[in-house]
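S.K.: attaching a predicted model along with its sequence, questions to come.
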Amino acid sequence: MNKEGVNVMSNAFYISKLRTTQKVMIFLTAIAIASLVFSRIFFGALGFYWALGVLQVVMTLIHFMVLVRTRNPVYLIPVFMYGFWALTFLPPLENIPGHNAIAIASAVFLAAFIVTLFSKKINWRYREILELAAKPVDDTADGFTSRPFPAGKADFNRRDVIGLARFLMKNVVVYPIIEKDRVVLVIPRYMWSYILFLRQRYDKETYVAFTYSGRINVCIAEMDYKAYKEELTFDQLCASLGDMFKQFLIWYKSGESKKIIGELNSTWRSEA
Amino acid sequence: MENKKFEAAQRFAALISKEYAREFLRLLIIYKNISASEAAARLELHIKTAQDFLEGLEKAGIVDKRKAGEKKRPYFRYSLQMKEICIEIDLGSLYDPIAYSSWQELCIREKKNSGAMFKEGQDERISSVHIFQGKGRSRVERKLSLTEAQGRFLFHLPFPTEAPLSVAEICKKAGLKEDYLPEIFDLIEVLIKKQVISEEKE
């Protein structure tokens, strides 16, 4: 274990403990690409640009919603990028004044977007969290249950945990739900479904709940548990996830929030 | 013994819940003795119904049954034995705490792959357990709604891969007083039967 409580990997290359989890995203991307291809084949170049333009408008709206919900200014980059792309490719806007300047701006924002992607500033952290939770767990005794796991107590008050929740939401690590007696940090597989108000319930999702009495409870959804390649010992996995968020809270309280992002960014790094 | 008393009370309660019971008992007060056919004719009942009612009263010791008819085919006449009937059920006798005295030491945990689904309630408790039995079309779901104490107990039940804990230890973790033990034992009994909880040697 290193000082952060995360197991040091003995192998030179990090081997993921998770299977493919983003099948819906792959499917949606495939549909978007297919719609572009079909529009090119059946409606020619004009149809293609219409489809591409409309797609960019949809992406602009989605990212604008993410910007509003997370209040993270980094999301201005994809909003402007997709926005300028829409202005560049939508056929009726082809001859508007300054079209060339818009095209150049879209290229600039594309470059900025690529830099943002590489810096992992807008990564959705579902896989990283599950992967980090699984790192210290080597036993494979299964033992899944839908019951929440009491992960112990921590020293915090309502303000601390709401602050942590806001920070994690800003960095799209979790989707927080503030209840009367606790704050539930939901770790959804598809964060966008919550951000776009398509989902509100969390009873079938993985979450970490901080009750104002100081207790921490962890619930790992069956769907997420099945995403692991092996049947990891369930109580150890829950305890590890609880410890991870306890550490996040400690870092947040001591003003070292950047360490949380650093920890998540280090997920795929081998620590040989 | 207490079981027998309860069953007798149950049988009698079933008898007096009949629609015609009041009128029938009134007849038994008026007549010194009466046969099933006489009562049936008087109350416009089927003779078998009257006979069953009288036999039931006889079993409960409320009427006396005597053979009658010297030359004719013998039959029975019934006479009332008491004018007041008192039903007394000691509800305390339905639960014997001594039989469960060792249960506090019972080491338990959730059974691996029990297939049960737990719904989380407010304030660190489980609100209900959904147990599934059978497969395919014959799969049946049984929902157990839990009391607050049962919910808190189940919340602190060790996971299938955790070391088992005694019932007393789990109650302590859940902050439950001894008053709640009977309902906790009842839940454990059901969940052991349904293979959701397993009894383990520590």
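M.R.: The structure has been received and is ready for your questions. Numbers count the residues shown, from 1 in each chain, chains lettered A, B, ... in the order given.
S.K.: mind listing the helices for the chain?
M.R.: You didn't say which chain, so I picked chain A. For chain A, the helices defined by DSSP state H occupy A:23-70, A:76-89, A:99-118, A:126-134, A:158-170, A:191-195, A:222-225, A:234-253, A:258-265.
S.K.: was after chain B, sorry
M.R.: Taking DSSP H, the helices of chain B run over residues B:2-16, B:21-30, B:36-43, B:47-59, B:148-155, B:167-174, B:181-193.
S.K.: among these, which is the most enclosed?
M.R.: The highest mean neighbour count among those, using mean count of other Cβ atoms under 10 Å in any protein chain shown, belongs to helix B:148-155: a mean of 23. All C-beta spots, glycine's among them, are computed from the backbone N, C-alpha and C.
S.K.: chain center to that helix: distance?
M.R.: 24 Å (Cα atoms, centre = their mean, to the nearest Å).
S.K.: outside of it, which residues touch it?
M.R.: For helix B:148-155, the surrounding residues in contact (Cβ atoms under 8 Å, 6 or more residues apart in numbering or on different chains) are A:147-148, A:150, B:118, B:121, B:124-127, B:129, B:146, B:170-171, B:174-176, B:180, B:183-184, B:187.
S.K.: count the neighbours of A:Ile220 for me.
M.R.: 26 (other Cβ atoms under 10 Å in any protein chain shown).
S.K.: setting aside sequence neighbours, what's the nearest residue to A:Val79?
M.R.: A:His63 (4.7 Å; Cβ to Cβ, 6 or more residues apart in numbering or on different chains).
S.K.: gap between the one you found and A:Leu28?
M.R.: Distance, A:His63 to A:Leu28, by Cβ to Cβ, to the nearest Å: 15 Å.
S.K.: neighbour count for the two, which is higher?
M.R.: More neighbours surround A:His63 than the other of A:His63 and A:Leu28, with 20 against 13 (other Cβ under 10 Å).
S.K.: wait, what's in contact with the more buried one?
M.R.: By Cβ under 8 Å, 6+ apart, the neighbours of A:His63 are A:75, A:78-79, A:82.
S.K.: distance from the chain centre to stretch B:172-191, please.
M.R.: For stretch B:172-191, the distance to the chain centre is 20 Å (Cα atoms, centre = their mean).
S.K.: surely B:Gln195 meets B:Ser114?
M.R.: Yes. With contact defined as Cβ atoms under 8 Å, B:Gln195 counts as touching B:Ser114 (6.1 Å).
S.K.: same list (the contacts of A:His63) but as JSON lines, adding neighbour count and pLDDT.
M.R.: Compiled in JSON lines, those are given as follows (neighbours: other Cβ atoms under 10 Å in any protein chain shown; pLDDT from 0 to 100):
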{"residue": "A:Tyr75", "neighbour count": "22", "pLDDT": "95"}
{"residue": "A:Pro78", "neighbour count": "23", "pLDDT": "95"}
{"residue": "A:Val79", "neighbour count": "20", "pLDDT": "96"}
{"residue": "A:Tyr82", "neighbour count": "24", "pLDDT": "95"}
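S.K.: between those, which is nearest B:Arg11?
M.R.: A:Tyr75 (75.2 Å; Cβ to Cβ).
S.K.: quick one: the biggest strand by length in chain B near chain A?
M.R.: Taking DSSP state E as the assignment, the strand of chain B that covers the most residues is strand B:125-133. Yes. For strand B:125-133, a contact with chain A is found by Cβ under 8 Å from any Cβ of the partner chain, at B:Ile126.
S.K.: strand partners of that strand, parallel vs antiparallel please.
M.R.: Using DSSP bridges, strand B:125-133 pairs in its sheet with strand B:117-121 (antiparallel), strand B:140-145 (antiparallel).
S.K.: pLDDT on the last one, on average?
M.R.: Throughout strand B:140-145, pLDDT has a mean value of 92.
S.K.: quick one, what contacts A:Ile177?
M.R.: A:183-184, A:186, A:202.
S.K.: no more questions from me, cheers.
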